Each structure stands twice: as C-alpha cells, then as structure tokens.
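In: fold the following, please.
(one chain, ligands or ions: 3)
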Amino acid sequence: MPMIYKLLPMQTIISQVTTGAHTTLRLFSRQLNLSSLRFSSSKATLKPKSPPTKMVDYRLMHIIRDIPTLRTHRRNLLRSNLTVGLVPTMGALHEGHISLVRAAAAENARVFVSIYINPTQFGVSEDLSTYPQTWESDLAQLRALDAELAETPGMGRVDTVFAPSTKAMYPTLPPDSREDGVGSFVQITPVGGILEGKSRPVFFRGVATVCMKLFNLVQAERVYFGQKDVQQTVVIRRMVKDFHLDTQVMIVPTSREEDGLAMSSRNVYLGARRRAVGVVLSRALRAAEEAYVAGKRSRDEILAAAWNVANQVALEQDALAPEQRALFEVDYISLADPDTMEEIEAVDERKGAVLSGAVKMLPLEQIQPGEVLGQGGDVAPVRLIDNIPLEPR
Ligand SMILES: Nc1ncnc2c1ncn2[C@@H]1O[C@H](COP(=O)(O)OP(=O)(O)OP(=O)(O)O)[C@@H](O)[C@H]1O
Ligand SMILES: CC(C)(CO)[C@@H](O)C(=O)[O-]
Ligand code: BAL
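Out: Ligands and ions are numbered 1, 2, ... in the order given. From the prediction side, this is the model:
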C-alpha cells in the first residue's frame, strides 16, 4: 500500500486485526475514555486500568496528501466496485459537516472527506490566515463517526481524508486571489456574481475551481454539500451540469444550534455577546418563512416580516450602552429563485423559493473585563449567512 498513512495515535492501539479487506484496530476502553489507557509493554500494547466494559472497533482511515496516492487508491476501489461519496470541507469540523459525512455513508460504500483551506476563494482582505484549523479534533470526530457507522448495518465507511498541499492543488502557478488574478479558473456566471458573490467577488470562482479539481481527482459517484451555503449549492449544480461532470450533487439540510443559529466553522470568531445577537438572522428568515406558510406570496409581504425582526433587534441594540451591545449590519435579505438565486417578485408555489441573508457582526465597541471573547478577540467583523428553502406546495 503506497504512501498511505495509517491513522490512530499509538496510545489508542491495542491490537491490529486484519479481517478480509479491512484492517481493524481494536480498542478496549470504558466509555471510550482514552485517558484511562496506559502502555503496559515495550510492544506498545495497552491495557485498560479497569476491566473493559465496551469494545470499540476503529477501522483504518487513509490520510492521503498527494495526488498519485489518491488516484491509486480510488482506482483500487473502482476495481472492487465500491461507490465513493465525497464531502469537500475546509476542516474545523462541526456537527453540520458530520451530518454530510453521515448522509454520504448512507449512500456510498466509501466516504472521502477533503480538508483543504482553499486560498483562491478568500479575497485578499479576508480571513485566510486566521481561518480556524482543528486537525486533531477533525480526525477524532471522523474516527468516532466511523466507529459508530461500523455498528450500523448497511452504512458505508469513512475511508479517506484527503488533505492536499497547495502546491499539489495548484501545480502550475501559486494561487492568485486578486479579482484580476491569473491562473486556471472556473467561473460560473451570473449566479457567482450576485448576493454572496457581490460581497466576496472571487469567492465562487475559487469554490468552483477547487471543486472542479476535487471532483476530477476523486471521481465520486456523489458529492455532498450543505444547504447552509445555498448559493454554493446552486453554483456547484450548475458547474456539474454545464461541464457534464459525472457525479450527483446531494444537498444536506442545515444543522443548527439550539437557538436556531446555523452551525459554521467561523462561529468560533463570535464571543458570547456577538453570538447572542447573531441569532437575529435565523430569526428574521424564520419570520419570513412563517409569512409564506401563512399564505403570503409577494416579495414585499414576505421580506417585510424578516426586516421587522432585523430592525427591531437593531433598535434594541442601539439603545444599549457600548459595553453591552453588539451592533450588526444587514448585507442582504433575499427572496430568490431556487435554480438561479435571482430575485423574484412573488413565490410561484409550484417552484418554491429561497429566503437567504447575510449579516455582518461588527467589532465590539467596548470590551468588558473578563468578557468571553471569540477567536481573534471580537475585533474583526464576522459575516454570518443563512437561508431557508420555501418548499413548493
Ligand atoms: N450548519 C451546517 N449544516 C449543514 N451543512 C453545513 C453546515 N455548515 C457547513 N456545512 C457544509 O459543510 C461543507 C463544508 O463547509 P465549510 O468547511 O466551509 O464549513 P462552514 O461551517 O460552512 O465554514 P465557514 O464558517 O467557513 O462558512 C459545505 O458544503 C457546507 O455547506
Ligand atoms: C466547498 C468548499 C470545501 C470548497 O473549498 C468550501 O467552499 C466549503 O467548505 O463550503
Ligand atoms: N462555507 C463556505 C466557505 C467560505 O465561506 O469560505
């Protein structure tokens, strides 16, 4: 097996058993509490301190960083007639990502998760250098999910984490994030230039470009994207259609926190104060959805419900003292056609629509002593996006 890294820190390994095509790593532990394990001999075997109550099978997960290895591995799976589902991510995994991997494992024998922070989708003044990275936790979550899948009949495996270098992904020229940057790019217009694309002019060019590369490399039967980034799903669907890519685009519903905030890797930038107010976007969209459910069909009526919530929360925050409030700006609230993301005047019930929005949580004006701050100290603005599909009736 060439250049495939076998995952699992040594201290979690008790015995390695090869069963058919799979290598299985067996771990005996109480409630998966790895801290209760210790080395017991120079052969790196481990014994739990207390009697084992549960046996967990950790299967081998391939960590692949280079393209030739990925291609060889993929060809082997093809020869074995094993279907592959690809979940592209930028890491900093949370429950939303895990729901995509779970969906992929329900429909494919093998799941590939790519973890790659793609520079070309970040504008020159965006947060590429500070984007959250949680490699160990990402692997632990995927490993735990795979152990769970192993116990569910009919589910596929989390087979591969593809974490390439930028040199591997952009082999000819260093990636260029400027709007007039040079390089080989995939551009999907006009959808890539509106809404999110207006505020982030190189974003969808970068997303389409890196996804084209990932799709070409992995040759997955299915690719999985989150509804949370709805415009991204429209761009990817259009790219797959227009370039005749042989894969099926699958969309997984948005995972939310208990209060409705859409889960997002960037939420770690929000300290407690901005986090609490950040729920305004999902509340506003929910109000607009309720107007639709109540029978409203015109743009003005539906969007008025959202703006009422946003304006109300803005007024409440304005009235507070600078050390208590979290101010925000609404970038857009949109009612759009689900296939093009173009604005519509009324919802056609047979087609449905997409309600979406973006708000910018502004830096805190005055930080209180001991206040819980987010990654970066709450000094930079944080862009939040969300959407709700209005289903056809
Ligand atoms: N809350 C969520 N529910 C469902 N899918 C999600 C959710 N958050 C992210 N995803 C999906 O996971 C995939 C990878 O997204 P990404 O790694 O950018 O995470 P993210 O949380 O969207 O990060 P960011 O904060 O940068 O937008 C995308 O298809 C995205 O739509
Ligand atoms: C699809 C993606 C992984 C491409 O970098 C990214 O845009 C994301 O995480 O949504
Ligand atoms: N979740 C999409 C990736 C990005 O916003 O950069």
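
In: identify the residues contacting stretch 215-222?
Out: 67, 70-71, 74, 78, 83-86, 104, 107-108, 112, 114, 162, 223, 240, 245-250 (CB atoms under 8 Å, 6 or more residues apart in numbering). Placement of C-beta: from N, CA and C, glycine included.

In: and it, does that touch ligand 1?
Out: No. On the criterion CB under 6 Å from any ligand atom, stretch 215-222 is out of touch with ligand 1, staying 13.0 Å away.

In: also stretch 354-361?
Out: No. Judged by CB under 6 Å from any ligand atom, stretch 354-361 stays clear of ligand 1, getting no closer than 11.1 Å.

In: now do the buried residues in that stretch.
Out: Neighbour counts over stretch 354-361 (16 or more other CB atoms under 10 Å) mark V354, L355, S356, G357, A358, V359, M361 as buried.

In: same check on stretch 280-292?
Out: V280, L281, S282, R283, A284, L285, R286, A287, A288, E289, A291, Y292.

In: right, is it up against ligand 1?
Out: No. Applying CB under 6 Å from any ligand atom, one finds stretch 280-292 out of contact with ligand 1, separated by at least 10.8 Å.

In: mind listing which of the contacts of stretch 215-222 are in helices?
Out: Under the assignment DSSP state H, the contacts of stretch 215-222 contribute I67, L70, R71, R74, L78, A104, E107, V240 to helices.

In: which among those residues end up buried?
Out: Using 16+ other CB under 10 Å, the buried members of the ones in helices among the contacts of stretch 215-222 are I67, L70, R74, A104, E107, V240.

In: determine which two of those residues are furthest apart.
Out: The distance between the two most remote of these (CB to CB) is 25.3 Å, for I67 and E107.

In: for N267, what are its contacts?
Out: L261, R275, G278, L384.

In: relative to L100, which of those is nearest.
Out: L261 (18.2 Å).

In: got the contact list for that closest one?
Out: By CB under 8 Å, 6+ apart, the neighbours of L261 are N267, R275, G278, V279, S282, L384.

In: let's have these in CSV, adding secondary structure.
Out: Listed next are the contacts of L261 as CSV, based on DSSP: H, G, I helix; E, B strand; the rest coil:
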residue, secondary structure
N267, helix
R275, helix
G278, coil
V279, coil
S282, helix
L384, strand
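
In: return the member of the residues you listed nearest to ligand 1.
Out: N267 (6.8 Å; CB to the nearest ligand atom).

In: in ChimeraX, how would I select just the buried ones from the contacts of N267?
Out: Per 16+ other CB under 10 Å, the buried members of those correspond to this ChimeraX selection:
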select :261,275,278,384
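
In: in the contacts of N267, find the pair that's most separated.
Out: Most distant of those, by CB to CB, are R275 and L384, 10.1 Å apart.

In: the residue in the stretch 101-250 of the chain positioned nearest to ligand 2: how many residues sit nearby?
Out: Ranked by CB to the nearest ligand atom, the top residue of the stretch 101-250 of the chain for proximity to ligand 2 is N118, at 3.9 Å. By the criterion of other CB atoms under 10 Å, N118 has 23 neighbours.

In: could I get the contacting residues of it?
Out: Contacts of N118 (CB under 8 Å, 6+ apart): M90, M169, G206, V207, V210.

In: most neighbours out of the residues you listed, which is it?
Out: V207 leads these on contacts (other CB under 10 Å) with 27 neighbours.

In: confidence score at it?
Out: Looking at V207, its pLDDT reads 98.

In: cool, and L46?
Out: 39.

In: same thing with L32?
Out: 33.

In: mind checking if stretch 367-376 is in reach of ligand 1?
Out: No. Stretch 367-376 lies out of reach of ligand 1 by CB under 6 Å from any ligand atom, never closer than 11.6 Å.

In: for the top helix by length along the chain, what is the average pLDDT?
Out: Criterion DSSP H: the longest helix present in the chain is helix 299-318. The average pLDDT for helix 299-318 rounds to 98.

In: residues near the residue in the chain positioned nearest to ligand 1, how many?
Out: Closest residue of the chain to ligand 1, CB to the nearest ligand atom: G226 (2.1 Å). The local packing of G226 (other CB under 10 Å) involves 23 other residues.

In: for the chain, which segments count as helices?
Out: 67-79, 95-107, 135-150, 166-169, 196-199, 203-218, 230-242, 272-277, 280-293, 299-318.

In: list the helices and strands the last one packs on?
Out: Spelled out, it's helix 299-318. The contact analysis (3 or more CB pairs under 8 Å, 6 or more residues apart in numbering; DSSP states H and E) places helix 299-318 against helix 280-293, strand 328-336, strand 353-361.

In: picking that back up, which of the buried residues of stretch 354-361 sits closest to G123?
Out: A358 (14.5 Å).

In: follow-up on the earlier one: so can I have JSON lines of the contacts of N267 showing pLDDT?
Out: Shown next, in JSON lines, are these (pLDDT from 0 to 100):
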{"residue": "L261", "pLDDT": "98"}
{"residue": "R275", "pLDDT": "98"}
{"residue": "G278", "pLDDT": "98"}
{"residue": "L384", "pLDDT": "98"}
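
In: next, format the contacts of N267 as a markdown table and append distance to ligand 1.
Out: Below are these laid out as a markdown table (distance: CB to the nearest ligand atom, whole Å):
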| residue | distance to ligand 1 |
| --- | --- |
| L261 | 9 |
| R275 | 14 |
| G278 | 12 |
| L384 | 9 |
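
In: dump the residue contacts of Q317.
Out: V277, R325, A326, L327, F328.

In: please report how far S125 lies from R237.
Out: Using CB to CB, to the nearest Å, we find S125 at a distance of 29 Å from R237.

In: which one of those two has more residues nearby?
Out: R237 (16 against 7).

In: which ones are touching the nearest residue to the more buried one once chain neighbours are set aside?
Out: Spatial nearest neighbour of R237, chain neighbours left out: V249 (5.1 Å); criterion: CB to CB, 6 or more residues apart in numbering. Taking CB under 8 Å, 6+ apart, we find V249 in contact with R222, V223, F225, T233, I236, R237, V240.

In: that concludes my questions; thank you for your assistance.
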